[in-house]
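Asks: Next input, structure requested:
(one chain, ligands or ions: 1)
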Amino acid sequence: MNIIGFGECMLEIAGAPLALRFGGDTLNTCLYLSRLGPRHGHRVAYATALGDDELSAELLRSWQEEGIDCRLVSRLPGGTPGLYLVTTSPGGERYFHYWRANSPVRGYFAEPGTPLEQSLVRDHWDVFYLSGISLAILPPAGRERLLACARQARERGMAVIFDNNYRPRLCPAGEARHWHDRLAPLVTLALLTEEDEQSLYPDEATDALIARWQGAGCRELVLKRGAAPCLIALGRERFSQAPVPVASVVDTCAAGDSFAAGYLSARLAGEAPAVAARLGHELAGIVIQHPGAIIPLDAMFSLL
Ligand code: ADP
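Replies: From the prediction side, this is the model:
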């Protein structure tokens, strides 16, 4: 399986003492998928834009060391990566502060024929992975182009996999609904944080949520519900799978992203939904016991 993800990766300053790392929803999923690649036989490419500065070069080097194919990364002159800082209140509440308004990825589609668009026409890929954040960070013309990429992927027989990841700070709910509704008919598998979906569609019951996505044509849905069992809807079948109990949660950053990587890694290799959900939970359960979005490789050694 050859997988492409599109989105934004930022520099991350978090932890005590504060440490400089990196993270971003689709990048987190792609990186964990890349780590699981040797186990399940897939390869991962990431499409985004970075600047031409030393920090961008460092990000690129780190992704390449993780085995990610970076040929679809554009380097925009004068750009520098976005940044987020995580602070913690004395009560343990975490706050995210973002500096991403000038992130290079916002200009990814500013030029015609981006590396992603060219590659979707030219090369063989099996899966296109994007999220609500991938859409939300782009200007409207870029969102249209990203939708066109998803359409192109479907026309070429690829799976289109979407994680809703709704962030009100990036996009008002009505606008997000508009773009998610337009993308939905192109999505073959949706990973949905139930809480995010409820912010977008208040008062919608779970059955109605599933009916809406299935009505749009989406065959497989995974509802992520934090510490509660996830719910999988595959045609008329329903499965639920409880997470691994975690006694001390250190940082839930990238919980959903790492769950997605575990689930997709197994599913794309032909495993049953329940087996895939178990791997998703196992990986997310490890990730939330470590600070930051990306945990050290040896912490997930048991899953490789
Ligand atoms: P998101 O990060 O997208 O909001 P969730 O909060 O639903 O996603 O969490 C994703 C996954 O992370 C869950 O399916 C579960 O595997 C794991 N997880 C999250 N919180 C906990 C917790 N308190 N205990 C155990 N597992 C958890």
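Asks: all contacts plus neighbour counts: C-alpha atoms, from now on.
Replies: Noted.
Asks: Is the residue of the chain positioned farthest from its centre in a helix, a strand, or coil?
Replies: Distance to the chain centre peaks in the chain at P90, reaching 30.0 Å (criterion: CA atoms, centre = their mean). When classified by DSSP: H, G, I helix; E, B strand; the rest coil, P90 comes out as coil.
Asks: Next one, pLDDT for it please.
Replies: The pLDDT attached to P90 in the predicted structure is 81.
Asks: Give me the distance between S74 and A242.
Replies: Taking CA to CA, to the nearest Å as the criterion, S74 is separated from A242 by 40 Å.
Asks: More neighbours: the two, which one.
Replies: Applying other CA atoms under 10 Å to S74 and A242 shows that S74 carries more neighbours, namely 21 against 16.
Asks: Tell me which other helices or strands the helix or strand where the more buried one lies touches.
Replies: Taking DSSP states H and E as the definition, one finds S74 inside strand 73-76. With contacts taken as 3 or more CA pairs under 8 Å, 6 or more residues apart in numbering; DSSP states H and E, strand 73-76 sits against strand 43-51.
Asks: Quick check: buried residues in the helix or strand following the strand it packs on?
Replies: Using DSSP H and E, the helix or strand that follows strand 43-51 in sequence is helix 54-65. Along helix 54-65, these residues count as buried under the neighbour rule (16 or more other CA atoms under 10 Å): 56, 59-60, 63.
Asks: Please apply the same query to stretch 134-145.
Replies: For stretch 134-145, using 16+ other CA under 10 Å, the buried residues are 134-138, 142-145.
Asks: can you list contacts of that stretch?
Replies: When contacts are defined by CA atoms under 8 Å, 6 or more residues apart in numbering, stretch 134-145 is touched by residues 6-8, 26, 105-110, 146, 170-171, 176, 179.
Asks: Can you flag which of the residues you listed belong to helices?
Replies: 26, 146, 176, 179 (DSSP state H).
Asks: For this protein, what lies in contact range of the ligand?
Replies: 193, 224-227, 230, 243-246, 254-256, 259, 281, 284-285 (CA under 6 Å from any ligand atom).
Asks: Whichever of the residues you listed end up buried, select them in PyMOL.
Replies: Only the buried members of the residues of the chain next to the ligand enter the following PyMOL selection, criterion being 16+ other CA under 10 Å:
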select buried, resi 193+224+225+226+230+243+244+254+255+256+259+281+284+285
